[in-house]
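S.K.: I'll drop the sequence and a predicted model, then ask my questions.
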Amino acid sequence: MHRGKGDAPWRDHLKDEEIQRLETIERRVEMKNKALEELLAERHKIMRRAIARRRRAG
């Protein structure tokens, strides 16, 4: 496991199985964050369309 910016010093004391589990968890968190970003972007697009519709109706 590479130590990147912001990694905590406790990571130097992980056992091999903990490293593997942590890597799995971090990949899952990254995927969920990406999915959340996509959902938020879609919500924003819908909101912008509704605002434009309201302005045209107004």
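M.R.: That came through, no problem. All values derive from a computational prediction rather than experimental measurement. Numbers count the residues shown, from 1 in each chain.
S.K.: From residue 22, how far out is residue 42?
M.R.: Here residue 42 is placed at a distance of 31 Å from residue 22 (CB to CB, to the nearest Å). The way it works is simple: take the backbone N, C-alpha and C, and place the C-beta from them, glycine included.
S.K.: Which of those two has more residues huddled nearby?
M.R.: Using other CB atoms under 10 Å as the criterion, residue 42 and residue 22 rank with residue 22 on top: 13 against 10.
S.K.: which non-adjacent residue is nearest the more buried one?
M.R.: Computed as CB to CB, 6 or more residues apart in numbering, the closest residue to residue 22 that is not its neighbour in sequence is residue 14, at 6.7 Å.
S.K.: Can you list the low-confidence ranges for the protein?
M.R.: Counting by pLDDT under 70, the low-confidence segments of the chain come to 1-6.
S.K.: For it, just list every one of the helices.
M.R.: Listed in chain order, the helices of the chain (DSSP state H) span residues 16-57.
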